[in-house]
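Enquirer: Dropping the sequence and predicted coords here.
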Amino acid sequence: MTDQNILDLPEDQRPEIINDRGRQMKAKPIQRLCEDHGMPQLFSRPRTPNDNPFIESALMTVALSAVAAWAESMAGSFGWDG
């Protein structure tokens with residue numbers, strides 16, 4: 001499927017987008033993007049982050065890495081040798 005353009009696929013074979021219920025995913029530009037490309041936009045159940053544990057785990061890894069990098073960069077500011 002990577003060789004094909006999504007718009008070349010019949011509508012019933014296009015991938016579905018499953019979003020959380022964050023306001024970024026519910027925003028009009030995202031809705032229009034999905035509509036323009038004929039891709040259904042589905043939403044996960046409210047308050048159920050365990051519905052998609054893989055992405056939640058990846059996001060937590062990114063967040064913790066960012067905090068660790070920030071702390072390391074600030075260590076010199078407080079006289080810490082890290």
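Expert: Everything's here; your move.
Enquirer: just the helices in this protein please.
Expert: Taking DSSP state H as the criterion, the chain contains helices spanning 23-26, 28-36, 53-74.
Enquirer: tell me, which of those helices is the model least confident about?
Expert: Lowest mean pLDDT within the helices of the chain: helix 23-26, a mean of 80.
Enquirer: Quickly list the domain ranges of this protein.
Expert: 1-49, 52-82 (automatic domain parsing).
Enquirer: now those in JSON lines, with mean neighbour count?
Expert: The C-beta positions use only the backbone N, C-alpha and C, and glycine is treated the same way. Formatted as JSON lines, these follow (neighbours: other Cβ atoms under 10 Å):
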{"stretch": "domain 1-49", "mean neighbour count": "11"}
{"stretch": "domain 52-82", "mean neighbour count": "10"}
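Enquirer: I figured M39 was touching E16, is that so?
Expert: Yes. Counting by Cβ atoms under 8 Å, E16 is a contact partner of M39 at 6.7 Å.
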